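Enquirer: Got a predicted structure here, sequence first:
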Amino acid sequence: SSSSSSSPSRSLLRSIEDNNKNDNVVADLHPHDYAVDINVTNFDAVLRDTPATFAVVEFFAHWCPACRNYKPHYERVARLFNGPDAVHPGIILMTRVDCALKINSKLCDKFSVDHYPMLFWAPPSKFVSGGWKPKQEKNEIRVIDDARTADRLLNWINKQMGSSFGLDDEKFENEHLSSNVSDPGQIARAVYDVEEATSTTFDIILEHKMIKSETRGSLIKFLQLLVAHHPSKRCRMGSAEVLVNFDELCPLDMDSTSKQENNDGKGALGNIQICGKEVPRGYWMFCRGSKNDTRGFSCGLWVLLHSLSLRIEDGESQFAFQAICEFVHNFFICEECRQHFYEMCSSVSSPFNKTRDFALWLWSAHNKVNERLIKEEATLQTGDPKFPKMIWPPKQLCSSCRQSQSQSGIQWDQDEVFKFLTDYYGKKLVSIYKDKNNHESDKSGAALDDLVVSTNAFVVPLGAALAIAVASCAFGALACYWRSQQKSRKYFHQLHSYKEI
Ligand SMILES: Cc1cc2nc3c(=O)[nH]c(=O)nc-3n(C[C@H](O)[C@H](O)[C@H](O)COP(=O)(O)OP(=O)(O)OC[C@H]3O[C@@H](n4cnc5c(N)ncnc54)[C@H](O)[C@@H]3O)c2cc1C
């Protein structure tokens, strides 16, 4: 939070700089602005898809000096609600539209923007295909008429919502978070986390340009799984796009410094966003911990893996098993995690041929991790008090899953567990992203759509050639992110001894 003696803009800048120093990796992964820049091409999509309850849209012009001076004020408020370190995530989406850009002029006209900056407030969906006219009655979009400083803007919001947000509210003061482990409906929110975990995974891989020849095939396998069975349609679309263009994005003759490094330093792969550009970031709706270094990404990844395991067809179960094992082994660079997971993978002796068997295997593998962590967290006190590790699912979620409990452990009714998992990860956790629109302008959209609609990943027309392709793209960059996220955890030290395999 900022000190009261310096100007808000400078203290804000300083706090961003400090963040950068402390946490280069995360800072690099996320833009320094908290408010989201949107324009006519994504305005509707962003506001339609955000999980936030309210949105603020600022219309400004980049040449306008008053707007430049206003920006730090707006950002101070946006810091509270947007971004990976949001203090109050998922409540308000703060956005801005530059009316000085030609493409936005019609959009700004629709909102009768006659001065800069001009701020509007409404539930996000009201902005979709919406507009505003002076003296118009019954418009749910409201002009924020007193927002000259960060204080005033936040006051206005507080009055509107009956809330008491403060500019100095601290990061991750989430102790009040209720864990709700017994609410089966909670999982529906996790689709955002699964999208975010997917995007984060690929961001890290791309940001660090670490694609290697020996892991390239594993990435392709995992992408195939995502194309067909990711619970979010936009991630299926994005994965398909990467997969279809894989040989161009990551050519066989590419060395890791040349083609990967074009103009923006990220290369062709860097222009691809695996779940689309509009994926909300920094929310961790279902996976939000009460502490800054718990849950989040790794929780989102588990949820993704479980949902994949429940969506596949019987005939895909061995492929899914291999794809997931290899993915964790190659790209989840928490040494302890991947080693344990790999041991569990290696101890499987016969191939899976039923969805049920693989889903139950993954469930049981996750429980083995939980079991170990229950003990570790008790000794090391590294757990999240609001979200203690437990053998899962707890009775409150599925009482019929447990036949009996004795000293030797829980006797599970595996049919009931499978039924429960199918409902929980298969039915409740679904994409709420409304398809169309976004890809209408995309020339490959229709083809991708066809590809995505096909439920069989293995008809993806790249097939075997790519799967066996050997390239020199280096790969596997979760390490830094994991390190930065898990500083206080026990295995932090082990990470330093990580050696690439
Ligand atoms: C593949 C993998 C291996 C990992 N290995 C380690 C490790 O060795 N050491 C370590 O310290 N951390 C490890 N982690 C991280 C750790 O498991 C947790 O993800 C992290 O501590 C956050 O925990 P969480 O409380 O959010 O719950 P998570 O364990 O992340 O679970 C997320 C959600 O999944 C659900 N869930 C819980 N158990 C199950 C289950 N058995 N089946 C289905 N759903 C379930 C619950 O709703 C839970 O909230 C690993 C993560 C992954 C993805």
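Expert: Yep, that arrived.

Enquirer: Next, count neighbours for S309.
Expert: Look at S309: counted by other C-beta atoms under 10 Å, it has 26 neighbours. For glycine as for every other residue, the C-beta is placed from the backbone atoms N, C-alpha and C.

Enquirer: The helix or strand hosting it close to the ligand?
Expert: Assessed by DSSP states H and E, S309 sits inside helix 297-311. Yes: using C-beta under 6 Å from any ligand atom, helix 297-311 reaches the ligand at 298-299, 301-303, 306.

Enquirer: how about those residues in JSON lines, adding neighbour count and pLDDT?
Expert: Conversion of these to JSON lines gives the following (neighbours: other C-beta atoms under 10 Å; pLDDT from 0 to 100):
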{"residue": "S298", "neighbour count": "19", "pLDDT": "93"}
{"residue": "C299", "neighbour count": "21", "pLDDT": "94"}
{"residue": "L301", "neighbour count": "23", "pLDDT": "95"}
{"residue": "W302", "neighbour count": "20", "pLDDT": "97"}
{"residue": "V303", "neighbour count": "22", "pLDDT": "97"}
{"residue": "H306", "neighbour count": "23", "pLDDT": "98"}
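
Enquirer: Can you pick out the most distant pair from those residues?
Expert: Maximum pairwise distance in these, criterion C-beta to C-beta, is 12.9 Å, between S298 and H306.

Enquirer: returning to that earlier point: what lies in contact with the helix holding S309?
Expert: 187, 190, 193-194, 196-198, 200-201, 225-226, 228-231, 284, 286-287, 289, 320, 324, 328, 332, 334, 337, 355, 358-359, 362-363, 366, 421-422, 425-426, 429, 481-482, 485 (C-beta atoms under 8 Å, 6 or more residues apart in numbering).

Enquirer: Would you mind identifying the next helix or strand past it?
Expert: helix 317-331.

Enquirer: Now that following helix: buried residues?
Expert: 317-331 (16 or more other C-beta atoms under 10 Å).

Enquirer: elements contacting that helix?
Expert: Applying 3 or more C-beta pairs under 8 Å, 6 or more residues apart in numbering; DSSP states H and E, one finds that helix 317-331 contacts helix 213-229, helix 297-311, helix 335-346, helix 355-380.

Enquirer: my guess is I205 contacts T215, does it?
Expert: No: here I205 lies out of contact with T215, judged by C-beta atoms under 8 Å, at a distance of 9.7 Å.

Enquirer: Now do stretch 116-131, average pLDDT.
Expert: Averaging pLDDT along stretch 116-131 gives 94.

Enquirer: Low-confidence bits of the stretch 1-150 of the chain, can you list those?
Expert: For the stretch 1-150 of the chain, the stretches flagged by pLDDT under 70 are 1-32.

Enquirer: Around the ligand, pick out the residues from it.
Expert: Counting by C-beta under 6 Å from any ligand atom, the stretch 1-150 of the chain has no residue next to the ligand.

Enquirer: Which residue ranges of the stretch 1-150 of the chain form strands?
Expert: 36-38, 54-60, 92-98, 118-122, 142-143 (DSSP state E, counting those that start in this stretch).

Enquirer: Which among those is found nearest to I220?
Expert: strand 36-38 (32.0 Å).

Enquirer: now the helix holding S309 against helix 355-380, angle please.
Expert: 160 degrees (axes from the mean of the first three to the mean of the last three C-alpha atoms, to 10 degrees).

Enquirer: give me every residue that touches Q414.
Expert: So Q414 contacts L360 (C-beta under 8 Å, 6+ apart).

Enquirer: Adjust the sequence numbering to begin at 2 for everything that follows.
Expert: Renumbered: residue one is now 2, and that last one reads Q415.
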